[in-house]
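Peer 1: below are the sequence and a predicted model; questions follow.
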Amino acid sequence: MADGMKTCTKCQAKLPATATFFHRDRTMKTGLKPRCKICDRVYRESKRGKEVSREASRNQRLLYPERMKAYNEVNNAIRAGKLIRPNRCGRCFRECVPEAHHENYAEECWLNVYWLCIKCHRDWHKKLKLQLRAEECCHG
């Protein structure tokens, strides 16, 4: 990849190593997924890709049932008009369709949410994860 090109592991096409041709993946050394976007789409739309996606979703629901309940409660409240989704992020104030962030998933707190754009929501969780790691390091 020294020449700014990257080879798709599926179709073997040599493409520019940019987010235009490969999805981002910060866990990879290059910061990009090994398959090109076209091959990735073909896989996701295949029977096997759909099965893997369904299984991952099912595992998330089983691992974190309280999160799913809170998520569903917020969506039901929005549909019923009990909760109104603003048109701006509560942190950066950019106009968007914000996501509901829960501080905790106790039943009495399901509708107590912060409205954050996708970027701010990811940043919030990154910061929280770093704080938890620092506490584990210092206290454990």
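Peer 2: Received, thanks. Residues are numbered from 1 along each chain as shown.
Peer 1: hey, let's count contacts and neighbours off CA atoms from now on
Peer 2: OK.
Peer 1: quick check, central residue of the protein?
Peer 2: residue 122 (7.4 Å; Cα atoms, centre = their mean).
Peer 1: give me the distance between residue 111 and residue 103.
Peer 2: Per Cα to Cα, to the nearest Å, residue 111 is found 10 Å from residue 103.
Peer 1: higher neighbour count, those two?
Peer 2: Neighbour count, other Cα atoms under 10 Å: between residue 111 and residue 103, residue 111 has more, with 20 against 11.
Peer 1: touching, the more buried one and residue 73? I think so.
Peer 2: Yes - the pair residue 111 / residue 73 is scored as a contact, 7.3 Å apart, by Cα atoms under 8 Å.
Peer 1: tell me the contacts of residue 112?
Peer 2: Taking Cα atoms under 8 Å, 6 or more residues apart in numbering, we find residue 112 in contact with 102, 103.
Peer 1: switch to 7 Å and redo it
Peer 2: Residues counted as contacts of residue 112 (Cα atoms under 7 Å, 6 or more residues apart in numbering) are residue 102.
Peer 1: from residue 32, how far out is it?
Peer 2: On the measure of Cα to Cα, residue 112 and residue 32 end up 36 Å apart.
Peer 1: so residue 34 sits in a strand?
Peer 2: Yes - checked against DSSP: H, G, I helix; E, B strand; the rest coil, residue 34 lies within a strand.
Peer 1: need the longest helix for this structure.
Peer 2: Using DSSP state H, we find that the single longest helix of the chain is helix 118-139.
Peer 1: list of residues touching that one?
Peer 2: By Cα under 7 Å, 6+ apart, helix 118-139 touches 91, 98, 99.
Peer 1: now the residues you listed in JSON lines, with neighbour count, pLDDT and secondary structure?
Peer 2: Below are the contacts of helix 118-139 laid out as JSON lines (neighbours: other Cα atoms under 10 Å; pLDDT from 0 to 100; DSSP: H, G, I helix; E, B strand; the rest coil):
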{"residue": "91", "neighbour count": "13", "pLDDT": "95", "secondary structure": "coil"}
{"residue": "98", "neighbour count": "21", "pLDDT": "96", "secondary structure": "coil"}
{"residue": "99", "neighbour count": "18", "pLDDT": "94", "secondary structure": "strand"}
